[in-house]
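Visitor: Task: produce atomic coordinates for the following.
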Amino acid sequence: MNNRLYVLVTGASSGIGQVIAIKLSKSFNVIIHGRDSKRLQDTLDKCDENGHHLIWAEDLSEVNSIEADLKFFLSENDVNISYFVHCAGFMKMLPIKMVSVENLQKTFNVNAFSAFLITKTLISKKINKDMLKSIVYISSNISNMGAKAFSIYAGSKGALDSMMRCFAVELAPKVRINSILPGAVQTEMTDKIFENKEIAERMILTYPLGFGYPNDIYDAVSFLLSDKARWITGQQLVVDGGRTINITG
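Guide: Numbering: from 1, shown residues only. Down below sits the predicted model:
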């Protein structure tokens, strides 16, 4: 019998989410979320073979169906989720004059609103049987900063962190919830930025410890989910190689 608890990792088909899911599978049963079934299967194939891992294919931009679909998934598979890592993210750099309602809606749906609705579903005693223990939202260091053409993305991450703080107060002491604010992590989503050598060279000068990797974010997630962080809730943990404290001219 598999006695591992279940952790839901959204955005687990690539990048940071995939690394988090694979590494967590050594200690947990992982519910691997994403949209692309083929890529999700690739993540599943790399998970620890001793666990009971499942795939939840769902488009988080379609927020109206999230609650019902997750409820059905849990019931159909007869599982309950104890830990939740929201790593799903959508980013499109646009100057304000080019922003449309569609851009705003999709970004906020994936980055913030879906996290809200999944959290709401998982705290339901009827649906999840009071099993939820800890949540980690993957935010961004831009949540507290500013940058040209990042207004929608930064706004959605700021909303995510504001929700996190309110949830931390409302759900305590049963559930702990924190967010991680990564800096520039080399993933598929940031490849286009790093492909521009001029931008990459300019950016690296602002990172005292250099650019990060998905493993750096996993280590922070693992800590916040664990009992070693039992007295930590409502916090933004910045993991950005010193970028946000560097005021060198």
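
Visitor: alpha carbons only for contacts and neighbour counts from here, please
Guide: Fine.

Visitor: can you pull the contacts of the residue nearest the centre of the chain?
Guide: Per C-alpha atoms, centre = their mean, the C-alpha nearest to the average position across the chain is that of residue 87, at 1.9 Å. Residue 87 sits next to 9-12, 16-17, 137-138 when contact means C-alpha atoms under 8 Å, 6 or more residues apart in numbering.

Visitor: From residue 114, how far out is it?
Guide: Distance of residue 87 to residue 114, computed by C-alpha to C-alpha, to the nearest Å: 11 Å.

Visitor: still on that earlier bit, just the contacts of residue 87 now: which is nearest residue 53?
Guide: Using C-alpha to C-alpha, residue 9 is the member of the contacts of residue 87 that lies nearest residue 53, at 11.1 Å.

Visitor: Have a look at this structure and report its longest helix.
Guide: helix 151-171 (DSSP state H).

Visitor: so what does the helix or strand that comes right after it touch, helix or strand wise?
Guide: Per DSSP states H and E, the first helix or strand lying C-terminal to helix 151-171 is strand 176-182. Helices and strands touching strand 176-182, as assessed by 3 or more C-alpha pairs under 8 Å, 6 or more residues apart in numbering; DSSP states H and E, comprise strand 134-138, helix 151-171, helix 214-225, strand 236-239.

Visitor: Just the C-alpha atoms of strand 176-182, please, in CSV.
Guide: Presented in CSV, the C-alpha positions along strand 176-182 are these (Å, rounded to 0.1, in the frame of the first residue of the first chain):
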residue,chain,number,x,y,z
ARG,A,176,0.3,27.3,5.8
ILE,A,177,0.7,29.3,2.6
ASN,A,178,3.7,31.1,1.2
SER,A,179,5.1,32.3,-2.1
ILE,A,180,8.5,32.1,-3.8
LEU,A,181,9.7,35.0,-5.8
PRO,A,182,12.3,33.7,-8.3
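
Visitor: and that strand with helix 214-225, angle?
Guide: 160 degrees (axes from the mean of the first three to the mean of the last three C-alpha atoms, to 10 degrees).

Visitor: any idea which helix or strand comes after strand 176-182?
Guide: helix 191-195.
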